[in-house]
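Q: can you look at this prediction? I've put the sequence above it.
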Amino acid sequence: MFTGIIEDIGKVRAINKKSKEASFTIGVDRIDASEIVMGESIAVNGTCLTVVDIGSSDFSVDASAETLSKSNLGDLNTESRLNLERSLKVGERMGGHMVTGHIDGLGITESVLKKGGSVELWFSLPKALSKYVIQKGSIAVDGVSLTVNLVEGNRFSVNIIPHTQKETIFSDIKTGNKVNIECDIIGKYVEKFVVGYVKNADRSFDLLKKL
């Protein structure tokens, strides 16, 4: 589990592609590599990946074909910069929102508009995901916990303050960039419970009609 508060901006040092899968070696700066543990989970651009090797100033992770197809990790090259967050420790402050690291789909950056010191970003996303995006709700974009400003169909906007620009790869973002989208998990659970309740209620009503 993560919070969407980025700890470090990593850099891809090596990519080893094997069939439809890939391994990435990622250099760290603010994160102390000596504190990383084999097998732990690290969110890489919001994607929960397992550490399979550790160096003096880097770590390596494997990405499956499913992960590469559902995220922007398949577009990485050496020197790509990445948002990094280690998993949440029990008892720590939760500064963002509940982020699982399970990407729902890819969004596309439609516009980058400067507004004072901040930047307004507009993203489009798959129509199937738009129902989970609500105004003033939470969303994770490339692993960053953000508040949705406006929603228009399958488009939404967020505001990036100067601190977030500095601490994440949003300082590099351009129109056309693919971003990893994880919708708020609460909305998905609510939908699951409500749909299940309605289906069960319909079945019960049908049975009553037959009595």
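A: The structure has been received and is ready for your questions.
Q: can we go C-alpha only for contacts and neighbour counts from here?
A: Fine.
Q: domain ranges for this protein, per the record?
A: Using automatic domain parsing, the domain parsing of the chain gives 8-86, 105-190.
Q: Throw those domains into a markdown table and include mean neighbour count and mean pLDDT, thanks.
A: Formatted as a markdown table, the domains of the chain follow (neighbours: other CA atoms under 10 Å; pLDDT from 0 to 100):
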| stretch | mean neighbour count | mean pLDDT |
| --- | --- | --- |
| domain 8-86 | 18 | 96 |
| domain 105-190 | 18 | 95 |
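Q: in CSV, list these along with distance to E92.
A: Listed next are the domains of the chain as CSV, based on distance: least, CA to CA, whole Å:
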stretch, distance to E92
domain 8-86, 12
domain 105-190, 16
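Q: these: which one's closest to G95?
A: domain 105-190 (8.9 Å; CA to CA).
Q: distance from the chain centre to the closest one, please.
A: Offset of domain 105-190 from its chain centre (CA atoms, centre = their mean, to the nearest Å): 10 Å.
Q: over to stretch 36-51?
A: The chain centroid and the centroid of stretch 36-51 are separated by 13 Å, computed with CA atoms, centre = their mean.
Q: does D184 touch T100 like I think?
A: No: D184 is beyond contact range of T100, at 9.3 Å (criterion: CA atoms under 8 Å).
Q: how far away is P126 from N16?
A: 30 Å (CA to CA, to the nearest Å).
Q: over to I134?
A: For I134 relative to N16 (CA to CA), the value is 39 Å.
Q: quick one: which helix or strand includes T147?
A: Using DSSP states H and E, T147 falls within strand 144-152.
Q: give the other helices and strands that that strand contacts.
A: Secondary-structure packing of strand 144-152 (3 or more CA pairs under 8 Å, 6 or more residues apart in numbering; DSSP states H and E): strand 138-141, strand 155-160.
Q: K166 is nearest to which of the ones you listed?
A: strand 155-160 (9.8 Å).
Q: could you pull out the helices for this structure?
A: 65-70, 127-130, 162-167, 185-210 (DSSP state H).
Q: check contacts around the closest residue to D104 other than its chain neighbours.
A: Spatial nearest neighbour of D104, chain neighbours left out: E182 (5.1 Å); criterion: CA to CA, 6 or more residues apart in numbering. Contacts for E182 (CA atoms under 8 Å, 6 or more residues apart in numbering) come out as G46, V99, G101, H102, I103, D104, G105, I139, A140, V141, G143.
Q: tell me, how many residues neighbour the fifth one?
A: For I103, the number of neighbouring residues by other CA atoms under 10 Å comes to 23.
Q: just give the nearest non-adjacent residue to it, would you?
A: Nearest non-adjacent residue to I103, counting by CA to CA, 6+ apart: E182, 4.9 Å away.
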